[in-house]
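In: Okay, sequence plus prediction incoming.
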Amino acid sequence: MHRKHLLTSVQMARFVAYGSHRIDGVVPADMNAEATDVLRAGIPAVPYGTPLSETFADGSFAQRLVQLPEIAGAIHSFVGPDPAVDHHAVHIRKAREGDAQNLHGDAIIDVRPDAFDVQLMYYPQEVTLEMGGTLSVPGSHLRRTNESDTGRYQNLLGQTRLVCPAGTVVFLHHGIWHGGRRNDSDVDRYMFKIRFNPTVRQLRLWNTDDLYDPAVAAELGTRFPWYENATGRLEIYNRVLLWRALIGDDSYDPDYWVTRVTNRPARVVAGRSLNPHAPARVEEMA
Ligand SMILES: O=C(O)CCC(=O)C(=O)O
């Protein structure tokens, strides 16, 4: 894995804040041209948790896709070497199909504050607004909701609808609220999704040369317009927990929020026991 294909710390921090990372037009035109037929024919399923190296046939389209250097570098940065494939699926939104998917996360309530799965979404065609590109809500991935319970929310401030050139790949944190939109165009819209489970601890798997760049803390502190004034702060708190786990430093806390609410000092300075029969003792004079 060449370092130049790994994400930087600032990019990782941005992923921790937004819950997504997008690489426009990363798949070459000849592969995009091949993709529609391949996806229409279907890609053989594998059991949950199959090692990535055993999931796709040698030389197959899907194997070449995940081996493209920038894509392989991003996968490594998020989940490390030898991830498992949770599942993969081809999603086709039919031309003028008439309805949209509700907002959902692809998980039951997933309370991991220190690990995550990543989902790759590959779009072989140019996606226009009319084609119903995937809608997602930046910064929603660390909020604890249960799969489709967010389906009753519509039009959150700051939500994005994917419009992209052919060959774009988007990586999503497993918890992000998203949904395929209605395809109002005359063309079927294809997307290939792969969910990866890490098989190693997600500890500094990217290019950490810029670990102490002040832009890292700035990214982690990003607020989104749909956040409540107070509860929105919890998102930043949760990001710091995740970032601490990803960098292996339990003291990282640019705004002191985690330090404050986890502060349970163990040092005892009480001068006397509550038991009247116990001899008086001074543990420590402050
Ligand atoms: O078709 C799309 O754009 C999104 C589909 C999706 O994310 C899903 O079915 O979970």
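Out: Alright, I've got the coordinates.

In: Might one say that Ala29 is in contact with Pro165?
Out: No - counting by Cβ atoms under 8 Å, Ala29 sits too far from Pro165 to count as a contact (10.2 Å). Glycine gets a C-beta too; all of them are placed from N, C-alpha and C.

In: Name the residues of the stretch 51-200 of the chain found near the ligand, please.
Out: For the stretch 51-200 of the chain, the residues in contact with the ligand under the definition Cβ under 6 Å from any ligand atom are His91, Arg93, Gln101, Asp106, Thr134, His178, Gly180, Met191.

In: Not counting its neighbours along the chain, what's nearest the closest residue to the ligand within the stretch 101-250 of the chain?
Out: When distances are taken as Cβ to the nearest ligand atom, the stretch 101-250 of the chain approaches the ligand most closely through Gly180, which lies 2.7 Å from it. Closest residue to Gly180 apart from its sequence neighbours, by Cβ to Cβ, 6 or more residues apart in numbering: Gln101 at 4.4 Å.

In: any idea how far Ala215 is from the one you found?
Out: 34 Å (Cβ to Cβ, to the nearest Å).

In: who's more crowded, those two?
Out: Legend: neighbour count by other Cβ atoms under 10 Å for Gln101 and Ala215, higher for Gln101 (17 against 14).

In: In contact with the more buried one, which residues?
Out: Residues near Gln101 by Cβ atoms under 8 Å, 6 or more residues apart in numbering: Gly179, Gly180, Arg181.

In: which phi and psi does Ser53 have?
Out: Per-residue torsions, Ser53: phi -60, psi -20 (degrees, to the nearest 10).

In: do the same with Gln119
Out: Summarising the backbone geometry of Gln119 under the convention degrees, to the nearest 10, its torsions are phi -110, psi 130.

In: swap in Leu234?
Out: With angles defined as degrees, to the nearest 10, Leu234 shows backbone torsions of phi -60, psi -30.

In: That one: neighbouring residues, count only.
Out: One way to gauge burial is a neighbour count; for Leu234, by other Cβ under 10 Å, it gives 15.

In: got the buried residues for the host helix or strand of Ile75?
Out: With elements taken from DSSP states H and E, the one containing Ile75 is helix 69-79. Within helix 69-79, the residues that qualify as buried by neighbour count (16 or more other Cβ atoms under 10 Å) are Ile71, Ala72, Gly73, Ala74, Ile75, His76, Ser77, Phe78, Val79.

In: show me what contacts the residue lying closest to the last one once chain neighbours are set aside?
Out: Of all residues beyond its chain neighbours, the one nearest Val79 is Pro198 (4.0 Å), with distances taken as Cβ to Cβ, 6+ apart. When the contact criterion is Cβ under 8 Å, 6+ apart, the partners of Pro198 are Phe78, Val79, Gly80, Pro83, Ala115, Phe116, Asp117.

In: got a pLDDT number for the fourth one?
Out: Think Pro83. Reading off the per-residue confidence, Pro83 sits at a pLDDT of 98.

In: got it, and the first one?
Out: The pLDDT attached to Phe78 in the predicted structure is 98.
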